[in-house]
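>>> Got a predicted model here, sequence first, then my questions.
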Amino acid sequence: MFAVRSMLRAGSRAATPLRAFSTSSMRQANTLLFVEHKNGAINPASLSAVTAAQKLGGEIHALVTGSSSHAKAVAEAASKVQGVSKVLVSTSDAFSALLAEPIAPLIESLVKSKSYTHVVAGHTAVGRDIIPRAAVCLDSSQVSDIIEVQGEDTFVRPIYAGNALATVMSKDGVKVVTVRGTAFDAASTEGGNASVEEVDAGEVPQPTKLVQEKMSESTRPDLATASRVVSGGRALKSSEGFAKYIEPLADKLKAAVGASRAAVDAGYADNALQVGQTGKIVAPELYVAVGISGAIQHLAGMKDSKTIVAINKDPEAPIFQVADMGLVADLYEAVPELTEKL
């Protein structure tokens, strides 16, 4: 159950808060943190989740699952993360694809046997798959995509595509939370000295299996963690336009490539490059929006960027309302000139 009070963003009239009462028990907070990993590397979103979990107080136990060949190496890396006091590692071939069906019951079992008060994970595609199922198993209401921790049971999360912030107080015995990676600094991967404990997976349910996984490989920075991002919109008109105008500019800036949902839906860019409410949430030092009108769903995914530069021939485009610098110009003329001068 939740008690919620909302606060509209700056420039809007504040909503009247609901009265909320804490129902946290007197037991010390202890957190089970799910560690997402790929090819032996910990997902940066999990490191941001460690930082958020530290604000809850108590100990943080990191759960690493996977096949034996990968999980133990990741567990060793997780033991060095600052803020983690213990690493639980459970190995099974059923865990290798990080699917919800086999992992959620394991989380439930650990929470009940070790009396954890919180379950925390990054708000990634994997986290959004596993953690809701774990919340159901624990009979808890999940608090998703938090950007601030105000107490053991109180969190702040964006709603209405980021146009308002809701302060949510969870009354559940076990608080289940996913963390927006861009809202918290990543915990250091050096200096920790956590113990590692193996957990018997037991009989692992496996009602589903991963049939195929296609990975898009790039030499450019990862979109979710890049300090610079160049994104293109539907105005590019084709995938060839994307390659001709967006990619060279991104390479000059040593930036990741992003795209609006309209560009992705039109087939101009890969789905993995989508920035927005239904794509990736990014907050780089520099965000360059090329031919993007600025629909509210896209703004929700990039409005926290430190510096926003917009290039659009429509002076009334909504993107200019959030841009720090705007250029009203035809992208087909402006982008090649900008790329050349860089």
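Noted; the coordinates are in hand.
>>> Next, the contact list for the closest residue to S227 other than its chain neighbours, please.
Once flanking residues are discounted, S227 sits nearest to E285: 4.7 Å by CB to CB, 6 or more residues apart in numbering. For glycine as for every other residue, the C-beta is placed from the backbone atoms N, C-alpha and C. For E285, the contacting residues are 227-228, 305-307, by CB atoms under 8 Å, 6 or more residues apart in numbering.
>>> Need those in a markdown table (columns: pLDDT, secondary structure and neighbour count).
Formatted as a markdown table, those follow (pLDDT from 0 to 100; DSSP: H, G, I helix; E, B strand; the rest coil; neighbours: other CB atoms under 10 Å):
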| residue | pLDDT | secondary structure | neighbour count |
| --- | --- | --- | --- |
| S227 | 93 | coil | 14 |
| R228 | 96 | strand | 18 |
| S305 | 95 | coil | 23 |
| K306 | 95 | coil | 11 |
| T307 | 97 | strand | 13 |
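>>> Go through those residues and say which is closest to L331.
Nearest to L331, judged by CB to CB, of these is R228 at 18.0 Å.
>>> any idea how far G291 is from that closest one?
According to CB to CB, to the nearest Å, R228 and G291 sit 18 Å apart.
>>> The chain: helices as residue ranges?
For the chain, the helices defined by DSSP state H cover 44-54, 68-78, 100-114, 125-137, 239-241, 247-253, 261-265, 296-302, 331-341.
>>> Including mean neighbour count, distance to A166 and mean pLDDT, could the ones you listed go into CSV?
Converted to CSV, the helices of the chain look like this (neighbours: other CB atoms under 10 Å; distance: least, CB to CB, whole Å; pLDDT from 0 to 100):
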stretch, mean neighbour count, distance to A166, mean pLDDT
helix 44-54, 25, 17, 96
helix 68-78, 19, 31, 91
helix 100-114, 19, 25, 95
helix 125-137, 20, 18, 96
helix 239-241, 14, 38, 95
helix 247-253, 18, 35, 96
helix 261-265, 21, 24, 95
helix 296-302, 22, 14, 93
helix 331-341, 15, 37, 96
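>>> okay if I get those as CSV plus distance to T189?
Converted to CSV, those look like this (distance: least, CB to CB, whole Å):
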stretch, distance to T189
helix 44-54, 7
helix 68-78, 7
helix 100-114, 23
helix 125-137, 19
helix 239-241, 36
helix 247-253, 26
helix 261-265, 32
helix 296-302, 26
helix 331-341, 35
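>>> Can you check which of those gets nearest to V196?
That would be, of these and by CB to CB, helix 68-78, which comes in at 5.4 Å.
>>> ok, back up a step: go through the contacts of E285 and name the one nearest S79.
The closest of the contacts of E285, once distances to S79 are taken by CB to CB, is S227, at 27.8 Å.
>>> residue contacts, the closest one?
Contacts for S227 (CB under 8 Å, 6+ apart) come out as 221, 284-286.
>>> rerun at 10 Å
Counting by CB atoms under 10 Å, 6 or more residues apart in numbering, S227 touches 221, 253-256, 283-286, 306.
>>> ok, which stretches of the stretch 101-250 of the chain are strands?
Along the stretch 101-250 of the chain, counting by DSSP state E, counting those that start in this stretch, strands occupy 118-122, 143-146, 148-149, 154-159, 164-170, 175-179, 195-198, 228-232.
>>> how close does the closest residue to R128 other than its chain neighbours sit to N30?
Leaving aside its sequence neighbours, R128 sits nearest to T178 (CB to CB, 6+ apart; 6.8 Å). Applying CB to CB, the value for T178 to N30 is 18 Å.
>>> out of those two, which sits in the busier spot?
T178 (27 against 20; other CB atoms under 10 Å).
>>> Show me what the more buried one is bridged to.
Counting by DSSP bridges, T178 is bridged to A121.
>>> Does it touch H118 like I think?
No: between T178 and H118 there is no contact, the gap being 11.6 Å when judged by CB atoms under 10 Å.
>>> May I have the distance across stretch 264-282, first residue to last?
End-to-end distance for stretch 264-282: 17 Å, by CA to CA, to the nearest Å.
>>> wait, I meant stretch 192-210
Separation of the first and last residues of stretch 192-210 by CA to CA is 34 Å.
>>> buried ones in that stretch?
Neighbour-count burial for stretch 192-210 flags 192, 194, 199, 201, 204 (criterion: 16 or more other CB atoms under 10 Å).
>>> Quick check: the gap between the first one and A183.
When distance is defined by CB to CB, G192 is 22 Å away from A183.
>>> cool, and the third one?
In this structure, V199 and A183 are separated by 30 Å, where distance is defined by CB to CB.
>>> same check, this time on Y287
16 Å.
>>> When those two are compared, which one has more neighbours?
Using other CB under 10 Å, the more surrounded residue of Y287 and A183 is Y287, with 28 against 21.
>>> Which residues are in contact with the more buried one?
Residues near Y287 by CB under 10 Å, 6+ apart: 226, 228-231, 255, 258, 275, 301-310, 322-324.
>>> and if we set it to 7 Å?
229, 302, 305, 308 (CB atoms under 7 Å, 6 or more residues apart in numbering).
>>> For stretch 85-96, list every residue counted as buried.
So, applying 16+ other CB under 10 Å, buried residues of stretch 85-96: 85-92, 94-96.
>>> So which of these sit within strands?
86-91 (DSSP state E).
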